[in-house]
Each structure stands twice: as C-alpha cells, then as structure tokens.
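**Q** what would the 3D arrangement of this be:
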Amino acid sequence: MDYKYTGIILNKKNVAETDRIYTIYTQEAGKIRVLGKGVRRPNAKLAGNLESLTMAEIFVAKSRGIGKITGAIVLDNFLGTKSNLDALGRVGDIFKIFGKIMAEQEKDEQIFEILAGFLTSMDKLSAEETSGRKMDILSLGFLFKLLGEMGYRLEVGKCVNCGAKLQPENNYFSPAKGGVLCERCHTVENKRLKISTESIKLVRIFMKNKIENLAKLQVSQKDVNNLKVIVQESINWL
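**A** Sure thing, here's the model as predicted:
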C-alpha cells in the first residue's frame, strides 16, 4: 500500500552500502521509521529532500516491514535555523530528547503542531539578532508543553502532597510526584529540587500560551537555569 505523510525528519542512520533509515514524526501516524533506498548514491534525487530538520510530504510504499520512501516534497527547510549554530544546537538537543521519549506509531496531532510551531519560532529567532536566552526559553517552553501533552503535566498550582495553595517562597519540585511540594510537605521526598517562585509562574505561562509567544517572555538567566534542571529531571524520571 502507498501512504502519504506530512512529517518532520528527526534523524537518519546509514545502513547497507547506499541506504538510510529515517526517523520522522508525522501528523498522521506519530513517529515512524522508513527506509530510503539508494539515497546515498551520488546521483540520488531523494537525498536533498530528506535532510534532518526538514518538514516534507513523504510518500511511502509499504507491504511489510518499515516501508520504503518513494518520494518527498519539501514544505519547509528551516534554513534560518540551519545557518545559525546556536539555534541548530538547541534543535539538535530537542530532537534527541524527543526521539527518545516518543513511542512509535502513536498519532498525536497536537504534539505535531507544537513541534512544528517550535521549529517555525526557532527559525524566526535565528534570523533576528537575538540572545541565546530567548532560544533557551523557547526550548524550555516546548519541553514543558510536550510533557503536558504526553500526560505528564506538572502540577504547579498547588502542593502535590497536601493540596494546599503554594506560598511565594520555600517550594520544592518532585520529579516522582510530578509537581511542586510546599514548605511543609517537601520532606516527604528525598529527591527534590528547590524551585523559585518565578519558575513556577513561568511553567504556568508555558502551559497556557501558544508556543510562538514564549520567546517574548523576559526571564532571568537564574530562572532559565532552574527550569533547565527541573525539566531534565522530569525527563530523566520518565
């Protein structure tokens, strides 16, 4: 059978003498792996349309196994990001995390949309004279939104242990409990992280706002660092 996907190419792996296996996140089927037959030959026409960090319409013939790519039409090359080493590095880090935590063949159009929105927003930032901090904020916002869409939305409105309203100071984040512990309850968890009041507010903002608006936020480097540790510990726990 023949299939058509709208997909974002996450990575590629050389196999055999002239082939590659591509990992692609698609709107129609979630994460898939497909074979590009002969794409490493010098005259291969498909290879240029199948670079990592490319959104494309991808045509796949499949009877059994992972399927073989028969054609690809580029929708967006994200050339701004590809020409900016800072942005490219951040997207590369996101793709590594995304590829590891996303299961294969699980369709989720909302996750596809926030991934596409993240890449479009990063591409715009790449064309501006912007700080790396804004790229970090966008990346962090994407990861928190991704966790939320996957069913691991962090509780930052009340204490995850007692349910009490969080006070402005002395709050702690628990990866195992998936949210914030108040000053009274933080000792119930051995592995906990101090979380600033501003970081709690930022996670709330990340979850409520569209991905394209997140880079407009003004965030201190201290809070960026705090959020990096929190999101990494959340991912490690998964």
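**Q** now do the domain split for the chain, please.
**A** 2-76, 84-154+185-237 (automatic domain parsing).
**Q** possible to save those as a markdown table with mean neighbour count?
**A** In short, each C-beta sits where N, CA and C put it, glycine included. Formatted as a markdown table, those follow (neighbours: other C-beta atoms under 10 Å):
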| stretch | mean neighbour count |
| --- | --- |
| domain 2-76 | 17 |
| domain 84-154+185-237 | 17 |
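**Q** give me the secondary structure label for S126.
**A** When classified by DSSP: H, G, I helix; E, B strand; the rest coil, S126 comes out as helix.
**Q** please name the nearest non-neighbouring residue to the residue lying farthest from the centre of the chain.
**A** No residue in the chain sits farther from the centre than R184, which is 33.8 Å out by C-alpha atoms, centre = their mean. Spatial nearest neighbour of R184, chain neighbours left out: C162 (6.9 Å); criterion: C-beta to C-beta, 6 or more residues apart in numbering.
**Q** swap in Y152?
**A** That would be G178: by C-beta to C-beta, 6+ apart, it lies 6.2 Å from Y152.
**Q** tell me who's in contact with K62.
**A** Contacts for K62 (C-beta atoms under 8 Å, 6 or more residues apart in numbering) come out as M1, D2, Y3, K68.
**Q** which one of those residues is nearest G148?
**A** Proximity of the contacts of K62 to G148 (C-beta to C-beta) peaks at Y3, which lies at 29.3 Å.
**Q** surely that closest one is in a strand?
**A** Yes. Judged by three-state DSSP, Y3 forms part of a strand.
**Q** quick one: the helices in this structure?
**A** 79-82, 85-101, 109-127, 132-149, 197-208, 221-237 (DSSP state H).
**Q** the ones you listed: which one's closest to A47?
**A** Using C-beta to C-beta, those put helix 79-82 closest to A47, at 15.5 Å.
**Q** report the buried residues of the closest one.
**A** For helix 79-82, the neighbour count (16 or more other C-beta atoms under 10 Å) marks G80, T81, K82 as buried.
**Q** re earlier: export the contacts of K62 to CSV and tack on distance to K208?
**A** As requested, these are exported to CSV (distance: C-beta to C-beta, whole Å):
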residue, distance to K208
M1, 41
D2, 41
Y3, 36
K68, 42
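**Q** any chance of these in a markdown table, plus pLDDT and distance to R90?
**A** Shown next, in a markdown table, are these (pLDDT from 0 to 100; distance: C-beta to C-beta, whole Å):
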| residue | pLDDT | distance to R90 |
| --- | --- | --- |
| M1 | 83 | 37 |
| D2 | 90 | 36 |
| Y3 | 92 | 31 |
| K68 | 94 | 32 |
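**Q** bridging residues for D2?
**A** Note on D2: beta-bridge partners A61, judged by DSSP bridges.
**Q** if we can go back for a sec, between the buried residues of helix 79-82, which is nearest S196?
**A** T81 (29.9 Å).
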